[in-house]
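A.B. asks: Task: produce atomic coordinates for the following.
(2 chains)
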Amino acid sequence: MQFSIQREVLLKPLQQVVGVVERRQTLPVLANLLVRIADGKLTFTGTDLEVEMVATTAAEQLADGEITIPARKLFDIVRALPDGVRIDLKLNGDRVALHAGRSRFTLATLPASEFPTIDEIELVERVSLPEEVLRDLMERTAFAMANQDVRYYLNGMLLDLQEHTLRCVATDGHRLALKETQLESSVAARRQIIIPRKGVNELIGLFETGDGQIELEFGRNHLRVRRGDVVFTSKLIDGRFPDYEAVIPLGADKQATLDREVLRGALQRAAILSNEKYRGVKLELSPGRLKIVAHNPEQEEAVEEVEADTGVSDLAVGFNVGYLLDALAALRGEKARLNLRDAQSSCLVQEDDNDQARHVIMPLRL
Amino acid sequence: MDAFYASVEQRDDPSLRGRPVVVAWRGARSVVCAASYEARVFGVRSAMPASRAERLCPQAIFVPPDFTRYKAVSRQVREIFARHTDLIEPLSLDEAYLDVTTTLSKLPSATATAEAIRQAIREETRLTASAGVAPNKFLAKIASDWNKPNGLFVIRPQQVEAFLAPLAVNRLPGVGRVMEAKLAALDIRTVGDLRVRPLSELEQRFGRWGRRLHELSAGIDEHVVQPDRPTLQVSAEDTFEHDLTLDELEPHIRRLAEKTWAAHQRESEGEHGRVARTVVLKLKTSDFHTLTRSLTPALRPSSARQLADIACALRERVDRPVDVRYRLVGVGLAGFVDRDSYFAQSDLFD
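C.D. replies: Now for the predicted structure:
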């Protein structure tokens, strides 16, 4: 097995796969990348048994073969080599020799046969959508995922596929983020899968700007994402996501429409004097106006008043200001709408003219 | 308080008066909780193994501790303190720092306040107490030991240096056997020896601790008396008659979890109640290595049972060989937060 390649051309696929490799592994071979040359293509595979990433690139002077090489070391060497240098890599016995300019490295290997790969995923549904759209869906909801929650099914993102609609939903049990898009084609049966947190973050790191297309393959226990140069596969979280539609308030009849950036600015300033741990702010609605009040244990106080298009009077609700700011940052458009009911009920935050993005936030009892 | 637990026992049982009394549980691994002054003559000290105390003083009368009575006396004594100041920092059941810079009783001096307190304790509890009066906490602590039992010792600001100079360095708080040896290697044996060393030398050798040593040697201690120091941890622990394997600890962990949970419930009650989020498992191996493992779950434990389950599960994080045996296990709760704030965030999926 051997190939010759320019440093920058090699660096990109290495960057794409190395993030998957954990720093501490259960099996020695999981510290390595599978390097394979076949059919005139060079592919790199990294895995942690949950998430697998395969990146393909073109190289020269190819000689077919496959081997596994320490991932971190290979990546660190290639990254540290000078720009534009040509890299020659060749397997000699059970060692890999890497030459670049006047640098020479010999790396240990493990046989490719020891490397676990995910081959078949028992495909049940396939959809295609622009990369930009999927990126938007995931980036604008991922922040609400739980982290190391005992409710393990919250430590990930729900992909909910129904008729013409694909929804991404994430929640940590206190707030929920949802964003949806319309697909070109419709699916026969509803599919709900949960991608683990790590898979979501790796996938988001992979997205590029441009007008490329992405294939999503829903398997029985896996999700596979294909883009020209990479194939990402993640195991799914085997659990039932809570009935999220039931917690999106329908009876939240008290509305206020505000300038999104003005509201964000006011909340950011009020947040400075909120309790550092619980970050509570009180929202008080009165006709034409939203008042934001924050207190901290030192009895300091912040009061902000924002012009609001509302007829609601005498409503006061407490929220974690961080959740409100996250939601507003994930929205687009000039106007944001708050839908409230009372001090015990959740708040729905969305763009004023559409409900493609919805954020549900539970109150704080202040 | 002087020989506190032993003195309470002697007060309540006239037959014990004038005789060597050792307060300790029965058992191979029990340690001395307190020794009367009659027992101390034979070399018996608190915290020494009870078996050793028995060898030193075979005629001693061993009495099991009764913390209910000790706590009642402790409350009585604190009430006496409270007549003079609100700034009370309890150290244990029978020791406290009091800031008497200004007092409620308006007595003319700190010395007069100390005498008034000692007299009230004597009259109301029929027990004796010793007091130290000094410009700061660390000197007051040394002074309180100076004329024990039933004594008072005053260090006035202008006497501080002369008082400290001849003292052995191990009288300074934080100087134990290891530090004492390190200082001896530098020819520093008394506080006076330490005092003449330049700050730069001490800082170079001991870092931030060097600065603290330098300050202590000059009688400087900026720590203020802290009333109502919040609880950092509640815990219960137990030493076994015979060392146990990790697997055999479970019933003990469950029993201790009940005690810890009861203490936690007391802390969480009341208007400003606080709740703990972190579970701590403490173990001591048969060769006296102490290890702790802790976990802060997303949802705090809300029953003795859950606490016990988590503490038992923490055993999996002990990476010692399976044949290691343990002489002690403890279950604790730490990471206290304000109860009302903890419950303030409502949940989407209830």
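
A.B. asks: For the closest residue to B:Asp347 other than its chain neighbours, the count of nearby residues, please.
C.D. replies: Closest residue in space to B:Asp347, ignoring its immediate chain neighbours: A:Gly173 at 5.4 Å, by CB to CB, 6 or more residues apart in numbering or on different chains. Just so you know, the C-beta spots here come from the backbone N, C-alpha and C atoms, and that holds for glycine as well. A:Gly173: 20 surrounding residues under other CB atoms under 10 Å in any protein chain shown.

A.B. asks: now B:Tyr167: how far from A:Gly322?
C.D. replies: That one is not Tyr; residue B:167 is Leu. Going from B:Leu167 to A:Gly322 by CB to CB, to the nearest Å gives 54 Å.

A.B. asks: Where does A:Pro13 sit, in terms of helix or strand?
C.D. replies: Following DSSP states H and E, the helix or strand that holds A:Pro13 is helix A:7-18.

A.B. asks: Assign the residue nearest to B:Asp347 to helix, strand or coil.
C.D. replies: coil (DSSP: H, G, I helix; E, B strand; the rest coil).

A.B. asks: how far away is it from A:Met145?
C.D. replies: 11 Å.

A.B. asks: Likewise for B:Asp323?
C.D. replies: The value you get for B:Asp323 to A:Met145, if CB to CB is used, is 42 Å.

A.B. asks: Compare the two and say which is more crowded by neighbours.
C.D. replies: More crowded of B:Asp323 and A:Met145, by other CB under 10 Å: A:Met145, with 22 against 7.

A.B. asks: Who does the nearest residue to that one once chain neighbours are set aside form a beta bridge with?
C.D. replies: By the measure of CB to CB, 6+ apart, the closest residue to A:Met145 outside its immediate chain neighbours is A:Ala170, 4.4 Å from it. In this entry, A:Ala170 is beta-bridged to A:Ala177, by DSSP bridges.

A.B. asks: show me the contacts for A:Ala170.
C.D. replies: Shown in contact with A:Ala170 (CB atoms under 8 Å, 6 or more residues apart in numbering or on different chains): A:Thr141, A:Ala142, A:Phe143, A:Ala144, A:Met145, A:Gly156, A:Met157, A:Leu158, A:Leu176, A:Ala177.

A.B. asks: Would you check how far apart the third one and chain B are?
C.D. replies: In this structure, A:Phe143 and chain B are 16 Å apart, going by CB to the nearest CB, to the nearest Å.

A.B. asks: Give me the neighbour count for that residue.
C.D. replies: A:Phe143, neighbours per other CB under 10 Å, totals 15.

A.B. asks: excluding its backbone neighbours, what's nearest it?
C.D. replies: Nearest residue to A:Phe143 in three dimensions, chain neighbours excluded: A:Asp326, at 5.4 Å (CB to CB, 6+ apart).

A.B. asks: With the second one instead?
C.D. replies: For A:Ala142, the nearest residue in space outside its immediate sequence neighbours is A:Val200; the separation is 5.4 Å by CB to CB, 6+ apart.

A.B. asks: Number of residues surrounding the one you found?
C.D. replies: A:Val200: 24 neighbours (other CB under 10 Å).

A.B. asks: quick one: pLDDT of it?
C.D. replies: On the pLDDT scale, A:Val200 is placed at 97.

A.B. asks: Pretty sure it sits in a strand.
C.D. replies: No: assignment of A:Val200 by three-state DSSP gives helix, placing it outside any strand.

A.B. asks: What separation do you get for the residue in the stretch 51-200 of chain A positioned nearest to chain B and A:Leu137?
C.D. replies: Closest contact between the stretch 51-200 of chain A and chain B, by CB to the nearest CB, is at A:Asp149 (4.9 Å). As judged by CB to CB, A:Asp149 and A:Leu137 stand 22 Å apart.

A.B. asks: And A:Thr57, by the same measure?
C.D. replies: A:Thr57 is 28 Å from A:Leu137, by CB to CB.

A.B. asks: Between those two, tell me which one has more neighbours.
C.D. replies: Between A:Thr57 and A:Leu137, counting by other CB under 10 Å, A:Leu137 is the more crowded of the two (23 against 19).

A.B. asks: Go ahead and confirm that one touches A:Leu166.
C.D. replies: Yes: with contact defined as CB atoms under 8 Å, A:Leu137 reaches A:Leu166; the gap is 7.1 Å.

A.B. asks: who touches both of those two?
C.D. replies: A:Glu180, A:Thr181.

A.B. asks: Name the nearest residue to residue 152, ignoring sequence neighbours.
C.D. replies: Going with chain A. Per CB to CB, 6+ apart, closest to A:Tyr152 is A:Gly239, 6.0 Å.

A.B. asks: hmm, I had chain B in mind actually
C.D. replies: Using CB to CB, 6+ apart, the nearest residue to B:Leu152 is B:Ala131, at 5.1 Å.

A.B. asks: distance of that neighbour from B:Val224?
C.D. replies: 19 Å.

A.B. asks: picking up where we left off before, what is in contact with A:Gly173 and A:Met145 at once?
C.D. replies: Shared contacts of A:Gly173 and A:Met145, counting by CB under 8 Å, 6+ apart, come down to A:Leu154.

A.B. asks: Which positions within stretch B:68-81 qualify as buried?
C.D. replies: Neighbour counts over stretch B:68-81 (16 or more other CB atoms under 10 Å in any protein chain shown) mark B:Tyr70, B:Val73, B:Ser74, B:Val77, B:Ile80, B:Phe81 as buried.

A.B. asks: From the contact counts, what lies against the strand or helix carrying the fifth one?
C.D. replies: By that I understand B:Ile80. Under the criterion of DSSP H and E, B:Ile80 resides in helix B:67-82. Here helix B:67-82 touches helix B:4-12, strand B:88-92, strand B:95-98, helix B:110-125, going by 3 or more CB pairs under 8 Å, 6 or more residues apart in numbering or on different chains; DSSP states H and E.
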